[in-house]
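Student: sharing a sequence plus its predicted fold:
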Amino acid sequence: MLMQIRVYRREAVLATILQLMSLSAQWPAGAATPRTASSRLMTPQDLTAVPSQPPDRRVAYGEDPNQFAELRVPNGAGLHPVVVLVHGGCFKTYASLADLAPMADALKARAIATLNVEYRRLGQPGGGWPNTYLDVGRAVDHLRTLAGEHHLDLTRVVLVGHSAGGHLAMWAAGRSRLPPASALSTANPLQVRGVIDLAGPLDLTANISGYESLCRDHVITALMGGTPEAVPARYAQASAIKLLPLGVPQVLVLGEHEDYVPLRDAEAYVQAAKRAGDRIRLILIPSVGHFEIASPRASPWSQVESAIRSLLDGRLPP
């Protein structure tokens with residue numbers, strides 16, 4: 001009987017090994033490894049639950065209640081480099097600048113000032129085209145008003161946005177490329193030293209159905225006020241890929257298990273940016289998803305912070 005049990009166990013182990021080998025052979029080369037039942041990715045609720053400290057100052061850059069930002073300034077005389085943070089949330093009201101407040105705290109602790117931006121979103125008066133974009137641009141330009149009092153170094157400004165905010169940050173970095181007649185155009189936009197897109201859409205005409213499915217709403221077409229066929233000029237003026245070359249170094253950060261921005265879309269953007277003459281780096285972080293890359297408590301933070309410091313120094317991360 002004991003011999004039969006041992007034989008059975010050997011056969012069971014062998015069968016398991018053969019099954020795993022078969023699954024491995026079926027998995028496409030270069031694809032992300034499948035998650036195990038025990039693995040767990042960060043959720044939006046996890047990101048929101050990360051604690052933060054109150055800002056040093058709340059500043060208004062416009063008259064609307066949602067045209068404000070939180071300023072955090074490190075101790076010391078300065079001049080302080082600045083990171084402008086733009087939160088995500090499918091361009092809707094269920095997310096806010098509180099999502100990136102922990103990142104602002106972490107940067108302040110490392111001697112980097114931050115301006116964490118709120119803006120008008122879908123579902124609010126004035127949200128959507130063109131005001132959502134104009135708000136972000138206006139907030140960035142408001143640094144000129146704040147620089148003297150708070151000893152900010154306007155020659156070392158980097159934009160960082162997550163998800164929908166990554167899209168807006170990329171647009172803000174390239175808005176000097178807009179045609180003068182554009183509804184998004186402003187005179188003399190503040191020049192930034194670089195931009196980091198944490199899994200934000202780079203081409204609004206790509207993956208509309210996939211993005212809107214994850215957001216559970218027609219957020220892209222609502223943001224633009226129509227489909228790409230109905231308002232093509234708006235999509236061209238809002239999408240970073242249509243504004244190339246942006247003229248500043250760019251870093252794209254994706255988790256291995258990213259859902260909102262397909263890797264193929266990010267790679268297509270990288271190739272287009274390089275052809276246009278821009279300097280760009282794509283960082284793919286293993287074993288994480290859409291939200292870990294925006295949290296200073298998660299494993300990607302060291303790479304995100306390193307990329308921020310590199311761009312502040314005018315270079316791409318290694």
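Tutor: Sure thing, it's come through.

Student: and Asp99, what does it touch?
Tutor: Leu47, Thr48, His87, Gly88, Gly89, His162, Ala294 (C-beta atoms under 8 Å, 6 or more residues apart in numbering). Just so you know, the C-beta spots here come from the backbone N, C-alpha and C atoms, and that holds for glycine as well.

Student: burial count for the last one?
Tutor: By that I understand Ala294. 30 (other C-beta atoms under 10 Å).

Student: that one contacts Ala104, doesn't it?
Tutor: No. Using C-beta atoms under 8 Å, Ala294 makes no contact with Ala104, being 11.5 Å away.

Student: name the nearest residue to Asp265, sequence neighbours excluded.
Tutor: Computed as C-beta to C-beta, 6 or more residues apart in numbering, the closest residue to Asp265 that is not its neighbour in sequence is Ala206, at 5.1 Å.

Student: thinking again about what came up before, drop anything exposed from the contacts of Asp99.
Tutor: Leu47, His87, Gly88, Gly89, His162, Ala294 (16 or more other C-beta atoms under 10 Å).

Student: and these as a markdown table, adding pLDDT and secondary structure?
Tutor: Listed next are these as a markdown table, based on pLDDT from 0 to 100; DSSP: H, G, I helix; E, B strand; the rest coil:
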| residue | pLDDT | secondary structure |
| --- | --- | --- |
| Leu47 | 96 | helix |
| His87 | 98 | coil |
| Gly88 | 98 | coil |
| Gly89 | 97 | coil |
| His162 | 98 | strand |
| Ala294 | 98 | helix |
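
Student: contacting residues around Tyr269?
Tutor: Tyr269 neighbours (C-beta under 8 Å, 6+ apart): Leu202, Asp203, Ala240, Ile241, Leu252.

Student: how about the closest residue to Ala60 other than its chain neighbours, what does it touch?
Tutor: The shortest distance from Ala60 to any residue other than its chain neighbours is 5.0 Å, reached at Phe68 (C-beta to C-beta, 6+ apart). The contact partners of Phe68, by C-beta under 8 Å, 6+ apart, come to Arg58, Val59, Ala60, Tyr61, Gly62, Glu118.

Student: for Met224, the count of nearby residues, please.
Tutor: 23.

Student: follow-up on the earlier one: out of the contacts of Tyr269, who's the most crowded?
Tutor: Highest neighbour count within the contacts of Tyr269, by other C-beta under 10 Å: Ala240, with 28 neighbours.

Student: where does the stretch 201-318 of the chain have low pLDDT?
Tutor: Residue ranges of the stretch 201-318 of the chain with pLDDT under 70: none are present.

Student: point out where the stretch 1-150 of the chain drops to low pLDDT.
Tutor: The stretch 1-150 of the chain contains residues with pLDDT under 70 at 1-38.

Student: now do the helices in the stretch 151-300 of the chain.
Tutor: Taking DSSP state H, counting those that start in this stretch as the test, the helices found in the stretch 151-300 of the chain are 164-174, 208-215, 219-224, 232-238, 240-243, 263-276.

Student: what sits against the nearest residue to Ser310 once chain neighbours are set aside?
Tutor: Leaving aside its chain neighbours, Ser310 sits nearest to Pro317 (4.2 Å; criterion: C-beta to C-beta, 6+ apart). Contacts for Pro317 (C-beta under 8 Å, 6+ apart) come out as Val251, Arg281, Ile283, Gln303, Ser306, Ala307, Ser310, Leu311.

Student: what about 6 Å?
Tutor: Listed by C-beta atoms under 6 Å, 6 or more residues apart in numbering, the contact set of Pro317 reads Arg281, Ser306, Ala307, Ser310.

Student: surely it forms part of a strand?
Tutor: No. Checked against DSSP: H, G, I helix; E, B strand; the rest coil, Pro317 lies outside a strand; its state is coil.

Student: which outside residues touch the helix or strand hosting Val304?
Tutor: Assessed by DSSP states H and E, Val304 sits inside helix 301-312. Helix 301-312 is touched from outside by Pro81, Arg156, Val158, Arg193, Gly194, Ile196, Pro249, Val251, Pro317, with contacts defined as C-beta under 6 Å, 6+ apart.

Student: reformat the residues you listed as a markdown table; add distance to Ala109.
Tutor: Putting the contacts of helix 301-312 into a markdown table (distance: C-beta to C-beta, whole Å) gives the following:
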| residue | distance to Ala109 |
| --- | --- |
| Pro81 | 14 |
| Arg156 | 18 |
| Val158 | 17 |
| Arg193 | 21 |
| Gly194 | 21 |
| Ile196 | 19 |
| Pro249 | 24 |
| Val251 | 21 |
| Pro317 | 20 |
